[in-house]
Structure formats: C-alpha cells, structure tokens
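# Dropping the sequence and predicted coords here.
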Amino acid sequence: QVQLVESGGGLVQPGGSLRLSCAHSGFSLDDNGIGWFRQAPGKEREGVSCITRTGYTAYYVDSVKGRFTISRDDAKSAMYLQMNNLKPEDTAVYYCAVGSCSRDTVRHGYSHAMDFWGKGTLVTVSS
C-alpha cells in the first residue's frame, strides 16, 4: 500500500524559508519519479518540481527556479522541498506525488502523470 505523508507547512513571512518533507512507503523509487505539486485557493493544481526515478534529474516550474530545491533521501524513504525567498504567490496546499517525472509533468502540471498522492500540507506566505 502506497503511503505519502507531507509535513513542514506553516505560516511564514515573505522572504522567509520553509522545508517540506514527504515520508513515503509502499513503492520503489527504481520504478517511479517523485515530486511536488501545489494548489492555491481558486486555482488549478500546478507542478512545482520533481525528481526522476534515477534521482539524477530534477525539474522545476519557472516561478520557483533559483528559490526551491528538491531532494530525496532514499535511506530514509523521504523527499524534501527546500523553499527559500518565499513570496505571497507561493501560498498553496503542497502535495507530494509519485509517478512519471518529466519536464512537461512540471511545466504543464500533468496531474494525470502521477499515480499516488499525499493529502497535502498548507503553506501560507503572509506578513
């Protein structure tokens, strides 16, 4: 049974940082990419970042490049999203997802490319 549990969300001021975590189990990273999507109030879900199954390639949506860093720790069955220089427009529920990671998955927010989802963690950027 695949399980994805996000944590680390919260309220932060503009310019601040947060580190999201995704604890996962029930699948092999040898066969799957893993990544982050987000959904802001009243907006469609969008891709943020993902890492391919090899772990060697990461993709980012343009709006977070240079500010967010995705990583994974296979020994701990965990994935992370380090978010720096946060902006109010980063406010959203952030979801961990497992499936097919590609540049298009992130760029176009291809939710259908992901097979399993966590329940999300809320990030609020506000002064």
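Sure thing, it's come through. Numbering: from 1, shown residues only.

# ok, now which ones touch Ile51?
Counting by C-beta atoms under 8 Å, 6 or more residues apart in numbering, Ile51 makes contact with 33-35, 57-58, 70-72, 79, 101. In this view, the C-beta of every residue, glycine as well, is placed from N, C-alpha and C.

# Quick check: chain neighbours aside, which residue is closest to the residue most central in space within the chain?
The centroid of the chain falls nearest to Trp36 when counting by C-alpha atoms, centre = their mean (1.8 Å). In space, and not counting its chain neighbours, Trp36 is closest to Val48: 4.2 Å by C-beta to C-beta, 6 or more residues apart in numbering.

# okay, the helix or strand hosting the one you found in PDB with CA atoms only?
In this assignment (DSSP states H and E), Val48 forms part of strand 46-51. What follows is strand 46-51, C-alpha atoms only, in PDB (Å, rounded to 0.1, in the frame of the first residue of the first chain):
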ATOM      1  CA  GLU A  46       0.200  23.100 -10.800                       C
ATOM      2  CA  GLY A  47       3.500  21.300 -10.900                       C
ATOM      3  CA  VAL A  48       6.300  22.600  -8.700                       C
ATOM      4  CA  SER A  49       9.200  20.200  -9.000                       C
ATOM      5  CA  CYS A  50      10.000  16.500  -9.500                       C
ATOM      6  CA  ILE A  51      13.000  14.100  -9.500                       C
END
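
# Report the rounded mean pLDDT for the helix or strand just after that strand.
As assigned by DSSP H and E, the chain's next helix or strand after strand 46-51 is strand 58-60. Averaged across strand 58-60, pLDDT comes to 97.
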